[in-house]
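**Student:** all I have is the shape, not the residue letters:
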């Protein structure tokens, strides 16, 4: 009969970020390994807390099915010699698959030519209880962790030291031993509230109930709901609202096994410090939730999530208030100290801060960014004075006391100090905005000045790193160049700015060369390809068909807005009922020109067939309309007009031999198709389309 499997690894506290990833890997690997072991089951679930990883599998079959396989090896001419004796290749095949050499045969294989080495393998299924121990031990060994530990003189590696293991198949304890710990049927409850061994059973529902009675909520989603309920309770008690913070809520859900909220407060005098500093001190350093009043203004209250039921809430509250008060005292001191200097004073100190050993100081980078930003501002018609001033101050806060203590506030503090110094709002906001977006789902710069500055900052980093050989490889991207490229493309696309990516690369290269860093043509080409790959991924992710994106990009990547418009136009063309024959006609024109040089214009006097004259006349009739649409950036309209060529193109290919033996006739016909294709490829390379 099928039985439930429960596998629990009890550890010391696993970091929240590791836990989320570890549970996903646990589910993926368990699904694969159970499949490889031929153990069918009904439902698989993974759960976890900071102190345990749990795999629950309902209805595991009681034994493997018998395996009947027909194995195919190398061709028979390789597997057997002239006398029919198995060769080394055949013997190696037998050894690899656990076969007796006498079981090897010669036979035909469907879909292949000639005879092949074949063998039938019969493997009797084993009881699940015999198979699972090796599966579970392999599962734990293959779990990938960002960092692993060793303990007790070299035991491990694993994410954290292991203290207990539960391995139950129904009521049977499986003989699993890992890291010197033998599996049993006893789990552990809450570290402080129920630390004694806790007998459990394999069913998920009774297991969770037993742990809940021992003050452990095994499922992260349930802990999250409990925290939300606790926050709501605090809101009702205080009349203030908890500031929404889903990321912190997710993190805290994986920091505790039994969440209990405690509300605290701090001296209102600390509110003179910018609220971002206070929130950062609470959130990043202490994992506190900030609270706000009905108008959304920060209050002097906070909520912390304790991982245990507290006997004296006042003691817990006082301890957390004391820790936060010390941090806020430091923050207020740093804020007051920083205000004794101007941003220009701080900017002057950037010459002593290294950006990258081969690319010079941060001050050198600021100078390059200002140069490139000026070029971009001129191209997109953004006021140059504000851009120049914001560029000069954009990195000044990196050497302030406040950013030294709270690095996540770079840009934010610079904007505050700029406003306090009376800088114009476009300058102040640009100092913070130029760091946006920080990630895939982050907001884009609100103002044009910040957008220009953000592009200039990132293109300098990308081109500079490529110039000195710091090119991303595999998952290694220490300077965040992929993220920087995507941010540039996102800003350009959002604002539909007509600024060439090639120009951006050239402007950044010129600024680097002025600073003594050489940027070769080969490196520029690598950067452009780097952007092309990022742009393709971004457009496909935005649900544009991949072949339409490829068709637009292959035709050229000048401005992002232009590529997007052309890809959308081709995608719309796909919606026509006659798309496939229409695209096929366009592709025929492009394909026949592959590898052939076509003249600039055909000579109508050399046309020998009515079909080629008709095609030329039709093309001449629509060319002016297509040119007007293309000049206006109306790619949809251009394709609608070009679609009128379908019938003349089809008749041309039906009636005319393009590759005529007469060299003059052949070149003239290629010139005709080349003229038409040159117009098509201003929009897309139709050879990339799937029809």
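**Tutor:** Great, that's in hand. Since this is a predicted model, take the numbers as computed values, not measurements. Numbering: from 1, shown residues only.
**Student:** use CA for all of it now, contacts and neighbours both
**Tutor:** Will do.
**Student:** quick check: residue 545 touching residue 571?
**Tutor:** Yes: contact criterion C-alpha atoms under 8 Å: residue 545 and residue 571 qualify, at 6.8 Å.
**Student:** okay, and the common contacts of those two?
**Tutor:** Shared contacts of residue 545 and residue 571 (C-alpha atoms under 8 Å, 6 or more residues apart in numbering): none.
**Student:** buried set for the helix or strand in which residue 650 is found?
**Tutor:** Counting by DSSP states H and E, the element that carries residue 650 is helix 646-655. Buried residues in helix 646-655, counted by 16 or more other C-alpha atoms under 10 Å: 646, 648-650, 652.
**Student:** would you format these as a markdown table with pLDDT included?
**Tutor:** Formatted as a markdown table, the buried residues of helix 646-655 follow (pLDDT from 0 to 100):
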| residue | pLDDT |
| --- | --- |
| 646 | 88 |
| 648 | 92 |
| 649 | 90 |
| 650 | 89 |
| 652 | 91 |
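**Student:** reformat these as TSV; add distance to residue 181.
**Tutor:** Putting the buried residues of helix 646-655 into TSV (distance: C-alpha to C-alpha, whole Å) gives the following:
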residue	distance to residue 181
646	74
648	79
649	76
650	76
652	79
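**Student:** hey, where'd the strands end up in the stretch 51-200 of the chain?
**Tutor:** 52-60, 67-75, 105-108, 115-123, 149-151, 155-158, 162-169, 172-173, 177-178, 181-182, 186-188, 197-199 (DSSP state E, counting those that start in this stretch).
**Student:** nearest to residue 372, out of those strands?
**Tutor:** Minimum separation from residue 372 across the strands of the stretch 51-200 of the chain (C-alpha to C-alpha) falls at strand 149-151, 46.6 Å.
**Student:** other SSEs contacting the closest one?
**Tutor:** If contacts are counted by 3 or more C-alpha pairs under 8 Å, 6 or more residues apart in numbering; DSSP states H and E, strand 149-151 sits against strand 155-158.
**Student:** need the three-state assignment for the residue nearest the centre of the chain.
**Tutor:** For the chain, the residue nearest the mean C-alpha position is residue 440 (7.5 Å; C-alpha atoms, centre = their mean). Assigned by DSSP: H, G, I helix; E, B strand; the rest coil, the conformation of residue 440 is coil.
**Student:** ditto for the one 3 residues further on
**Tutor:** Remark: residue 443 carries the secondary structure label coil [criterion: three-state DSSP].
**Student:** quick one: contacts for the nearest residue to it once chain neighbours are set aside?
**Tutor:** Closest residue to residue 443 apart from its sequence neighbours, by C-alpha to C-alpha, 6 or more residues apart in numbering: residue 437 at 5.5 Å. Listed by C-alpha under 8 Å, 6+ apart, the contact set of residue 437 reads 443-445, 487.
**Student:** for residue 437, give its distance to residue 322.
**Tutor:** 35 Å (C-alpha to C-alpha, to the nearest Å).
**Student:** again with residue 521
**Tutor:** For residue 521, the distance to residue 322 - C-alpha to C-alpha - is 59 Å.
**Student:** same check on residue 617?
**Tutor:** Counting by C-alpha to C-alpha, the gap from residue 617 to residue 322 is 86 Å.
**Student:** what is the distance between stretch 295-310 and the centre of its chain?
**Tutor:** Distance of stretch 295-310 from its chain centroid, counting by C-alpha atoms, centre = their mean, to the nearest Å, is 32 Å.
**Student:** so what touches that stretch?
**Tutor:** With contact meaning C-alpha under 8 Å, 6+ apart, stretch 295-310 is reached by 192-193, 227, 231, 234, 240, 242, 252, 255-268, 271, 275, 282, 287-293, 316, 320.
**Student:** same deal with stretch 613-629?
**Tutor:** The contact list for stretch 613-629 (C-alpha under 8 Å, 6+ apart) reads 604, 607, 635, 637-638, 641-642, 645, 648-649, 652, 672, 676.
**Student:** any idea which of those residues is closest to residue 337?
**Tutor:** Using C-alpha to C-alpha, residue 635 comes nearest to residue 337 of the contacts of stretch 613-629, at 57.3 Å.
**Student:** quick check: that closest one touching residue 564?
**Tutor:** No: Residue 635 lies out of contact with residue 564 (C-alpha under 8 Å); the separation is 10.4 Å.
**Student:** looking at those two, which one has more neighbours?
**Tutor:** The residue with more neighbours, out of residue 635 and residue 564, is residue 635; 23 against 20, by other C-alpha atoms under 10 Å.
**Student:** let me see the contact set for that one.
**Tutor:** 565-566, 569, 629, 683.
**Student:** can you do 10 Å?
**Tutor:** Contacts for residue 635 (C-alpha atoms under 10 Å, 6 or more residues apart in numbering) come out as 562, 565-570, 626, 629, 641, 682-684.
**Student:** can you tell me which of these end up in helices?
**Tutor:** Per DSSP state H, helices hold the following members of these: 562, 565-570, 626, 629, 641.
**Student:** among these, which ones are buried?
**Tutor:** Buried by 16+ other C-alpha under 10 Å: 562, 565-570, 626, 629, out of the ones in helices among the contacts of residue 635.
**Student:** now those as TSV including distance to residue 68 and pLDDT?
**Tutor:** Formatted as TSV, those follow (distance: C-alpha to C-alpha, whole Å; pLDDT from 0 to 100):
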residue	distance to residue 68	pLDDT
562	58	91
565	56	91
566	54	91
567	51	92
568	52	91
569	53	89
570	51	89
626	64	90
629	65	90
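**Student:** can you give me the domain assignment for the chain?
**Tutor:** What automatic domain parsing lists as the domains of the chain is 3-63+128-213, 67-123, 220-338, 344-542, 569-688.
**Student:** just put these in a markdown table and tack on distance to residue 553.
**Tutor:** Shown next, in a markdown table, are the domains of the chain (distance: least, C-alpha to C-alpha, whole Å):
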| stretch | distance to residue 553 |
| --- | --- |
| domain 3-63+128-213 | 35 |
| domain 67-123 | 39 |
| domain 220-338 | 36 |
| domain 344-542 | 7 |
| domain 569-688 | 7 |
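**Student:** select, out of those, the one closest to residue 558.
**Tutor:** The closest approach between residue 558 and any of the domains of the chain, judged by C-alpha to C-alpha, belongs to domain 344-542 at 5.0 Å.
**Student:** from residue 243, how far off is residue 130?
**Tutor:** Residue 130 sits 53 Å away from residue 243 when distances are taken as C-alpha to C-alpha.
**Student:** what about those two, which has more around it?
**Tutor:** Shown here are residue 130 and residue 243; by other C-alpha under 10 Å, residue 243 has more neighbours (16 against 12).
**Student:** gap between that one and residue 228?
**Tutor:** 12 Å.
**Student:** surely residue 592 meets residue 658?
**Tutor:** Yes: under the criterion of C-alpha atoms under 10 Å, residue 592 makes contact with residue 658 at 8.4 Å.
**Student:** what count of nearby residues applies to residue 123?
**Tutor:** The number of residues near residue 123, taken as other C-alpha under 10 Å, comes to 11.
**Student:** need the pLDDT of it.
**Tutor:** pLDDT, residue 123: 77.
**Student:** go on, residue 120?
**Tutor:** Looking at residue 120, its pLDDT reads 84.
**Student:** if I pick residue 494, what's in contact with it?
**Tutor:** Counting by C-alpha under 10 Å, 6+ apart, residue 494 makes contact with 444-445, 488, 560-561.
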